[in-house]
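Colleague: With the input below, show me the fold.
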Amino acid sequence: MKIHIPITIGFLVLGFFAKAQYWQQEISCEMAINFDDEKHQYTGSQTLKYKNNSPDTLFKVYYHLQPNAFQPGSMMDIRSRTIEDPDPRVGDRISYLTPEEQGFLHVLRLSQNGKALQYKEIGTILEVDLAKPILPGKRAKFEMTFHGQVPEQVRRSGRNNKEGVAYSMTQWFPKMAEYDIYGWNADEYIGREFHGVLGEWHVSITIDSAYTLGATGVLHNAKNIGKGYLPEGRQPKRPDGDKLTWRFKAENVHDFAWVADKNYVHTTRQVENGPLLHFLYLNEPDLKDGWERLPEFTERMVQYASSNFGEYPYPQYTVAQGGDGGMEYAMITLITGQRKLSSLVGVTAHELMHSWYQMILATNELRYPWMDEGFTTYTSARLMSHLFNPDEDTRTGRYYDGYISLANSGKEEPMSKLADHYNTNYAYGAASYNKGAVFIAQLGYIMGDEALQRGILRYYDQWKFKHPTDIDFVREMEKTSGLELMWYHNYMVNTTETIDYAIDTVQANEGRTWIDMSRIGNFPMPLDIDITYTDGTQTRVHIPLRMMRGAKPAEDDITYAVAIDWPWTHPVYRLALDVPLESIAKVEIDASGRLADVNRGNNTFSRQGDIEIPANN
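Modeller: From the prediction side, this is the model:
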């Protein structure tokens, strides 16, 4: 069957992009705390060595004091009580916490290179005036003592979670804020995401010996600990009521988290050529089956993710029952554990993938939450398909439906908004998780899934441990595909414009067929037009956008042709086929479902017998 399609033959110009100048701050942090489980309080010391790799002179530094959010009248409290759709895990409960139930974190003493500093505590931020400015390329040593209390209210961190875990110690210490190309990231803690300086951590935790701990980093005094960290039969003996010091070390991380409970079961599983996996869960009969089966699935997750998204670089990873749902930290995740196996595996898959997009790539979640949550949603969906349905087409997922519902809801806000500043939790969640996942999945539609996969690995290899921005990601995709993609970034991130294309008419014209299409939404995209003939054969015609400056290569085992490009200024387009209309059974825009078209009801034309059914009927 002969098909005549107007085709523009162009040259894909692969630009030689100079790598942007790059710098980031670095720290080495030593902390030691003494924990009082009767008062739910702790005292600690911190020595932080800081190097200013920026081109700027620093006159101030800032620390995060996130437990202060768990006090009546805090920004987290007020935001939770005034937003349209508050998180039910918080609601108005912070406003009712008594002094004994509240969280707090206070710096008692702070010095720079031995000189006492002036500082003030404002909400969850400590503002510090330096005794001496830190010049570019210079170092400073900060020493402090601090005092904290673990809140009764659990929002990621806290004590006595709903499943009975004693301590979820996350976002719990004075943490140096990050200084980057945007300046200081001294954002108040409202309950969303976080950012930090990558470095080396040495943390010692002294606590009642009855507790079993899991944490960021590798335990360096296992011979003194036992608790399953040594082979059975080599457990140290110690008197009841004694305290025990756990010593952990971690490298190339930007946070440190730990959990503790007297009733934890601790198991391990070694990933071949990979990390040692730790599992901590409460010793309860109804949890045993799921948690005993979870290690096998987690090992397979790490192997698949390392092959497809970049090799996991750390020596260990811990999955611990704790927190208030699922929350990722460096080398550890906290998840609620009273779940069916499928849910247990699902939440672990999602939190594990955060290790790639929040911990290793270390993107600023406050500024780009969709680059973490969205990319994690996309990759964890692929991970779950690998585990449970390896023959499934993973090019799309339920996140498409979530995004399209948002786009049609009237509540969508641009993904360029800071994480805490969305008007509704719904808009934040649907944009960051669902639209963020569509952002990366839909690139497969634009540039081809093979190029997308290569781009994902290239992005990881080029930017791990470097705090990449959204532009860094897009540029790697451009280098991989040879296409221009900044237009796509602009529409997806900075606007709420929607994609909606329609087949208007399919008509005969002197033995040929004209397919007239229109762009109804303001978001321009390239199109794949699938044509099915009455004899069962198929052809795919790709219509690139002119501003892509190229075209997607052929995919699948289907006859493929590239038509004249569609300028974004033109609302209509005519595709002329050198075949009679009677030979065509069906014409469809995007049969793969990878185009996030908000109204697919006008995407198809079909003929049933002698009856023609236009797409927009």
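
Colleague: Please enumerate the strands of the stretch 301-450 of the chain.
Modeller: Applying DSSP state E, counting those that start in this stretch to the stretch 301-450 of the chain gives strands spanning 316-321, 326-329, 332-335.

Colleague: So which bits of the longest one are buried?
Modeller: Same thing as strand 316-321. Residues Gln316, Tyr317, Thr318, Val319, Ala320, Gln321 are the ones in strand 316-321 that count as buried (16 or more other Cβ atoms under 10 Å). Heads up, the C-betas are built off the backbone N, CA and C, glycines and all.

Colleague: Can you tell me which helices and strands that strand packs against?
Modeller: Strand 316-321 is packed against strand 212-215, strand 276-282, helix 285-309, strand 332-335, helix 341-354, with contacts defined by 3 or more Cβ pairs under 8 Å, 6 or more residues apart in numbering; DSSP states H and E.

Colleague: Could you double-check that Leu294 lies in contact with Ala320?
Modeller: No. Counting by Cβ atoms under 8 Å, Leu294 does not reach Ala320; the two are 11.5 Å apart.

Colleague: Quickly list what's touching both of these two.
Modeller: Residues touching both Leu294 and Ala320 (Cβ atoms under 8 Å, 6 or more residues apart in numbering) are Phe279.

Colleague: Spatially central, which residue of this protein would that be?
Modeller: Taking Cα atoms, centre = their mean, the centroid of the chain lies closest to Asp372, which sits 2.0 Å from it.

Colleague: Chain neighbours aside, what residue packs nearest to Val265?
Modeller: Asn283 (4.9 Å; Cβ to Cβ, 6 or more residues apart in numbering).

Colleague: quick one: His40 and Gly148 touch, right?
Modeller: No. Judged on Cβ under 8 Å, His40 makes no contact with Gly148 at a distance of 9.4 Å.

Colleague: what about these two, which has more around it?
Modeller: Neighbours were counted for His40 and for Gly148 using other Cβ atoms under 10 Å; Gly148 has more, 24 against 20.

Colleague: That one touches Gly44, doesn't it?
Modeller: Yes. Counting by Cβ under 8 Å, Gly148 does reach Gly44; the two are 7.4 Å apart.

Colleague: which residues are in contact with both of those two?
Modeller: Joint contacts of Gly148 and Gly44 (Cβ under 8 Å, 6+ apart) are Phe173.

Colleague: count of neighbours near the residue nearest to Trp172 when sequence neighbours are not counted?
Modeller: Nearest non-adjacent residue to Trp172, counting by Cβ to Cβ, 6+ apart: Ser157, 5.8 Å away. Ser157: 26 surrounding residues under other Cβ under 10 Å.

Colleague: Repeat that for Thr377.
Modeller: Using other Cβ under 10 Å: Thr377 sits among 26 other residues.

Colleague: Quick check: the nearest residue to it once chain neighbours are set aside vs Tyr312, distance?
Modeller: With sequence-adjacent residues excluded and distances taken as Cβ to Cβ, 6+ apart, Thr377 is closest to Ala437, at 4.0 Å. Distance, Ala437 to Tyr312, by Cβ to Cβ, to the nearest Å: 21 Å.

Colleague: and if you look at Val218?
Modeller: For Val218, the distance to Tyr312 - Cβ to Cβ - is 14 Å.

Colleague: So if I had to pick from those two, which one is more boxed in?
Modeller: Tyr312 (21 against 17).

Colleague: What about that one? Give its phi and psi, please.
Modeller: phi -70, psi 130 (degrees, to the nearest 10).

Colleague: The closest residue to it other than its chain neighbours: how many residues sit nearby?
Modeller: Taking Cβ to Cβ, 6+ apart, and ignoring the residues beside it in sequence, Tyr312 has Ser306 as its nearest neighbour in space, at 5.0 Å. Residues lying near Ser306 (other Cβ under 10 Å) number 17.

Colleague: ok, now Ser45?
Modeller: Ser45 has 16 nearby residues by other Cβ under 10 Å.

Colleague: ok, it - contacts?
Modeller: Met31, Ala32, Ile33, Glu143, Met144, Thr145, Phe146.

Colleague: Would you mind putting those into JSON lines with distance to Gly164, neighbour count and pLDDT alongside?
Modeller: Listed next are the contacts of Ser45 as JSON lines, based on distance: Cβ to Cβ, whole Å; neighbours: other Cβ atoms under 10 Å; pLDDT from 0 to 100:
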{"residue": "Met31", "distance to Gly164": "27", "neighbour count": "20", "pLDDT": "98"}
{"residue": "Ala32", "distance to Gly164": "28", "neighbour count": "16", "pLDDT": "98"}
{"residue": "Ile33", "distance to Gly164": "23", "neighbour count": "22", "pLDDT": "98"}
{"residue": "Glu143", "distance to Gly164": "37", "neighbour count": "17", "pLDDT": "98"}
{"residue": "Met144", "distance to Gly164": "33", "neighbour count": "22", "pLDDT": "98"}
{"residue": "Thr145", "distance to Gly164": "32", "neighbour count": "15", "pLDDT": "98"}
{"residue": "Phe146", "distance to Gly164": "28", "neighbour count": "22", "pLDDT": "99"}
